[in-house]
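> Dropping a prediction and its sequence here:
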Amino acid sequence: MEMTKPPLMPSDINLQTTNESKTSNASNPNSSNDYNGFIGGDLVYTSIIISVEFPMICLAISAVFTLIKSNQSTPVFVINLLTADLIQILCLLLYIIPSEWTANISNGTTMWLTFTRCYFMTCIAVERYIMIAHPVWHRTHRSVKCLVCASLTAWFLPLIVVPPCIFIPHLQYIMPFIPYVVIIVCFALVCRSLSHSISLTPLKKQLVLAPLFFVLMSYTFLTLPGNILFIFFAYTNMDGSLIRLWIFTEYLYMLNPLVDCLLYVFMRSDAENIIWTPHCCSKPKGSQNETQSTMVVTDCE
């Protein structure tokens, strides 16, 4: 088996896509309109994403700040995740500028933010599991020092992870799946812990599990497809359909900040009043049980 082809980085794929498009335009003048249409559509999509996501991220960060109390620590990691999303949006602004050095800065920063977002999502999942499965241990061991250390580790860990991936290219194919496995395990363990709980109503259990569910779905459908296609590109020749598929995964990745804003809703203690619930599913007799379980859910949040 021949494995001598070097792996492609996202910036290499973008540059190769541009070069192939320009070559195609030179050989086939009719494809020039298609290429220009693609560039125009790419800029329009990016501009719409920036105009929508930037104000929503700013509002979400300011709103999550209000949720930080002495007995709540999960919003700290949510704020860091939203901050990484805000930096990603600023990188999209550099992407719009037609310059080579701004494109290099945007690609490098996006790669760093990809690792950072993955680890913050993992922190949210792990802490959510500890809150629910081991509430006493979490209550006695959490501190501002631990939160600061965990946040700084997540921000600077890519600086430690990326260099080995450069010298050992196959590591970059494994690294994105490690946080994904941890998130899946935490989600399964939280589901098992909630299934054994008798003090929470089904609605309360859904609200407790919702942030972890959104983290898992965001990673599965918005982040992971690009990583899988990146591995596929490393050992196959790119054609027009694969390049379009790669661009589609990039568009999906740009939606991450929009989905992360939904985490704010489930960080609120009155989330059940925000989310619409069908009247046919409500049980008036269960109102007393919901009141008794409020203290438990508040501690989980």
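It's in.

> show me where the stretch 51-200 of the chain has helices.
Under the criterion DSSP state H, counting those that start in this stretch, helices of the stretch 51-200 of the chain are mapped to 74-96, 100-133, 135-141, 144-167, 171-174, 177-195.

> Is it possible to get TSV of those that adds mean neighbour count and mean pLDDT?
(C-beta placed from N, C-alpha, C; glycine too.) As requested, these are exported to TSV (neighbours: other C-beta atoms under 10 Å; pLDDT from 0 to 100):
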stretch	mean neighbour count	mean pLDDT
helix 74-96	20	85
helix 100-133	20	86
helix 135-141	11	83
helix 144-167	13	84
helix 171-174	15	82
helix 177-195	16	92
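
> could you dump the ones you listed to TSV with distance to Phe214?
Below are the helices of the stretch 51-200 of the chain laid out as TSV (distance: least, C-beta to C-beta, whole Å):
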stretch	distance to Phe214
helix 74-96	11
helix 100-133	9
helix 135-141	21
helix 144-167	18
helix 171-174	25
helix 177-195	11
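
> Tell me which of those sits nearest to Met267.
Closest to Met267 of these is helix 74-96 (C-beta to C-beta; 5.5 Å).

> same for that closest one, what does it pack against?
In this structure, helix 74-96 packs against helix 31-65, helix 100-133, helix 144-167, helix 256-260, helix 262-267, with contacts taken as 3 or more C-beta pairs under 8 Å, 6 or more residues apart in numbering; DSSP states H and E.

> Relative to Leu93, which of those is closest?
Between Leu93 and the helices and strands packed on helix 74-96, the shortest gap by C-beta to C-beta is with helix 31-65, which sits at 6.5 Å.

> any idea how far Pro202 lies from Ala188?
From Pro202 across to Ala188, the span is 19 Å (C-beta to C-beta, to the nearest Å).

> okay, now the closest residue to Thr236 other than its chain neighbours: neighbour count?
Counting by C-beta to C-beta, 6 or more residues apart in numbering, Leu242 is the residue found nearest to Thr236 once chain neighbours are left out, at 7.5 Å. Residues contacting Leu242 under the criterion other C-beta atoms under 10 Å number 16.

> Check Leu203 too.
The local packing count at Leu203 equals 19, with neighbours defined by other C-beta under 10 Å.

> Can you give me the separation between it and Leu209?
Remark: distance between Leu203 and Leu209 (C-beta to C-beta) = 11 Å.

> Over to Leu263?
Per C-beta to C-beta, Leu263 is found 13 Å from Leu209.

> Mind listing the shared neighbours of the two?
Shared contacts of Leu263 and Leu209, defined by C-beta atoms under 8 Å, 6 or more residues apart in numbering, are absent.

> between these two, who's got more neighbours?
Just comparing Leu263 and Leu209: by other C-beta under 10 Å the higher neighbour count belongs to Leu263, 24 against 20.

> Surely that one touches Met217?
No - Leu263 is not in contact with Met217 according to C-beta atoms under 8 Å; the separation is 11.5 Å.

> With only the CA atoms kept, save stretch 101-119 in PDB.
C-alpha atoms of stretch 101-119 as PDB (Å, rounded to 0.1, in the frame of the first residue of the first chain):
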ATOM      1  CA  TRP A 101      -1.500  37.200   4.800                       C
ATOM      2  CA  THR A 102      -4.900  37.800   6.200                       C
ATOM      3  CA  ALA A 103      -6.000  34.400   4.800                       C
ATOM      4  CA  ASN A 104      -3.000  32.700   6.500                       C
ATOM      5  CA  ILE A 105      -3.800  34.400   9.800                       C
ATOM      6  CA  SER A 106      -7.400  33.300   9.500                       C
ATOM      7  CA  ASN A 107      -6.500  29.700   8.700                       C
ATOM      8  CA  GLY A 108      -4.000  29.400  11.500                       C
ATOM      9  CA  THR A 109      -6.300  31.000  14.100                       C
ATOM     10  CA  THR A 110      -9.300  28.900  13.000                       C
ATOM     11  CA  MET A 111      -7.200  25.700  13.400                       C
ATOM     12  CA  TRP A 112      -6.200  26.900  16.900                       C
ATOM     13  CA  LEU A 113      -9.800  27.700  17.800                       C
ATOM     14  CA  THR A 114     -11.000  24.300  16.500                       C
ATOM     15  CA  PHE A 115      -8.800  22.600  19.100                       C
ATOM     16  CA  THR A 116      -9.800  25.100  21.800                       C
ATOM     17  CA  ARG A 117     -13.600  24.700  21.100                       C
ATOM     18  CA  CYS A 118     -13.300  20.900  21.300                       C
ATOM     19  CA  TYR A 119     -11.700  21.000  24.700                       C
END
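
> Before I go, just wanted to say thanks for your time.
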